[in-house]
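Student: coords please:
(one chain, ligands or ions: 1)
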Amino acid sequence: MSEIEVELTAVPDDCDAAGSVSHAAFLRLFERARWEQLRRGPGVDVFERQGLWPAVRRSVLEFHAPVRPGETLRFSQHLTHLGRTSFTLRQNARRVADGNAAASAEFLFVCLDRQGQPQPVPEDVGRFFSARASSEPVDRVTVNGVSLAIETRGSGPAVVFIHGFPLDRSIWRHPLDTLTGFRRIALDLRGMGQSDAPDLGYSMAMYADDLAALIDALGEDRVVLCGLSMGGYVAFEFLRRHRARVRGLILMDTRAEADSAEGRKARDLLVTRVREQGAIAAAEAMLPRFFTAGVPPEIIQSIREMILRTPVPGIVGALTAMRDRPDSSPLLSTLVGVPTLVVVGEEDVITPPAISRAMATTIPEARFVEIPGAGHLPIVEQPVPTTRAILKFLQSLR
Ligand code: MLT
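Tutor: Take a look at the predicted model:
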């Protein structure tokens, strides 16, 4: 089903003293767009029919570019989380004239009854927004005999986003939506997300060669690589094998060292548990260490669901690939001519900031950014400041 896009035109009343659409007006416009989308779908009375009301529990609005009176905005939206009584919608507003992002926002809704008690999300609402979510521009590319799910957005210098373990490309939602002026490419590594998950053949070299073949298939010559944790291990391997193709590097919550003997044992133990119990064993091992204490429960839930969707061969393959990866420390000081950004969540307990700081000191052209209020997944827990740091770095490469 194609996504319903709504167009609304800014009027003088929407604008602040500087003459561009104000924060408050954006909130109003996003709300109008949501109701208009419902009107064209299950109806504006879809909640009322069931004695319910969707209350906004949390909103995050990000401003990207000024909008003047008379300019028309195109609104789109997708569901990023559907719980029992709550759901999160991400909305984007683009200027029709030039296609540039003007603002984006995320709203967490709770369905309340007339007594203010949370109630299950009406089925038709869930179905309506999920149908939109499945219309995300997903593509497939076959590389090295395996079909990979990818998402590409925009045009300009290419940036490739590589997720961590045991996650998928959807962690990059925010930079995919907002980094206009760049061609954003996110893939599901083999074995994860919606990519094929063969039983065998997992190694850092294989992931890196998949990436090189994907970049070829997309007609790109040189790219900026952005790897989170295991994605960083893949980036290091890519640098060893295909260095000439790297224009810049973003290392997020990752480390250069190989696993210690103890770490390798822990990988083997988790492989056994995942084979016996399934993806739940990986969720139980990783989730308690991913976030800060202040993370909203629905974020934990969406990452949990992501891990539970990951095929067992993909999890086992990634664990063995990580266990056997070489030490990338000797590579760091050789990265002359590779502008690098090292990013880390201030409260990351898996790859603590001290590791990232040391990496940034060793890499010749590195800068270092710490993201407050984030653990191991700053792009999920604090998407706005993390994407801002990425954007600043990408702009510096021009
Ligand atoms: C990841 O987030 O990709 C993992 O924590 C990496 C690892 O276990 O070494």
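Student: from the chain's centre, how far out does stretch 179-192 sit?
Tutor: 9 Å (C-alpha atoms, centre = their mean, to the nearest Å).
Student: Show the average pLDDT along that stretch.
Tutor: Model confidence over stretch 179-192 averages 94 on the pLDDT scale.
Student: which helices and strands sit right next to the helix or strand that contains Pro330?
Tutor: With secondary structure defined by DSSP states H and E, Pro330 is part of helix 329-332. Helices and strands touching helix 329-332, by 3 or more C-beta pairs under 8 Å, 6 or more residues apart in numbering; DSSP states H and E, are helix 230-242, helix 353-362. C-betas here are computed from N, CA, C, even on glycine.
Student: Tell me where this structure has strands.
Tutor: Using DSSP state E, the strands found in the chain span residues 6-9, 52-63, 72-82, 86-95, 101-113, 138-143, 146-153, 158-162, 183-187, 223-228, 246-252, 340-345, 366-371.
Student: Mind checking these for the one nearest to Leu308?
Tutor: Closest to Leu308 of these, according to C-beta to C-beta: strand 72-82, at 13.9 Å.
Student: what angle separates that closest one from strand 86-95?
Tutor: 160 degrees (axes from the mean of the first three to the mean of the last three C-alpha atoms, to 10 degrees).
Student: what about the helices and strands packed on helix 329-332, which gets the closest to the ligand?
Tutor: helix 230-242 (3.2 Å; C-beta to the nearest ligand atom).
Student: Next, the buried residues of that closest one.
Tutor: Residues of helix 230-242 classed as buried by neighbour count (16 or more other C-beta atoms under 10 Å): 230-239, 242.
Student: how far away is the most far-flung residue of the chain relative to its centre from Trp53?
Tutor: Each residue of the chain has a distance to the centre, and by C-alpha atoms, centre = their mean the biggest one is for Gln115: 36.3 Å. Gln115 sits 11 Å away from Trp53, going by C-beta to C-beta, to the nearest Å.
Student: repeat for Ile185
Tutor: 40 Å.
Student: and these two? which has more neighbours close in?
Tutor: Using other C-beta atoms under 10 Å, the more surrounded residue of Ile185 and Trp53 is Ile185, with 26 against 15.
Student: Arg357 versus the more buried one, what's the distance?
Tutor: Ile185 is 29 Å from Arg357, by C-beta to C-beta.
Student: got it, and Leu73?
Tutor: Leu73 is 41 Å from Arg357, by C-beta to C-beta.
Student: of those two, who's got more company?
Tutor: Shown here are Leu73 and Arg357; by other C-beta under 10 Å, Leu73 has more neighbours (23 against 14).
Student: Can you tell me who that one pairs with across the strands?
Tutor: Bridge pairing for Leu73 (DSSP bridges) gives the partners Leu8, Arg95.
Student: That one is in contact with Gln91, isn't it?
Tutor: No. Leu73 is beyond contact range of Gln91, at 10.7 Å (criterion: C-beta atoms under 8 Å).
Student: Only C-alpha atoms, please: export the helix holding Pro330 in CSV.
Tutor: Coordinates of the C-alpha atoms in helix 329-332 are reproduced here as CSV (Å, rounded to 0.1, in the frame of the first residue of the first chain):
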residue,chain,number,x,y,z
SER,A,329,44.5,-1.7,17.1
PRO,A,330,47.6,-1.7,14.7
LEU,A,331,45.3,-0.2,12.1
LEU,A,332,44.4,2.9,14.0
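Student: Provide the contact partners of it at residue level.
Tutor: 236, 239-240, 256-257, 359, 362-363 (C-beta atoms under 8 Å, 6 or more residues apart in numbering).
Student: Enumerate the positions of that helix that are buried.
Tutor: 331-332.
Student: what's the answer for stretch 116-125, then?
Tutor: With burial defined by 16+ other C-beta under 10 Å, the residues of stretch 116-125 counted as buried are 118-119, 121-122, 125.
Student: Pick the one among those residues closest to Leu27.
Tutor: Val125 (20.4 Å).
Student: Could you measure from Pro311 over to the ligand?
Tutor: 16 Å (C-beta to the nearest ligand atom, to the nearest Å).
Student: give the contact list for that residue.
Tutor: In this structure, Pro311 makes contact with 191-192, 197, 279, judged by C-beta under 8 Å, 6+ apart.
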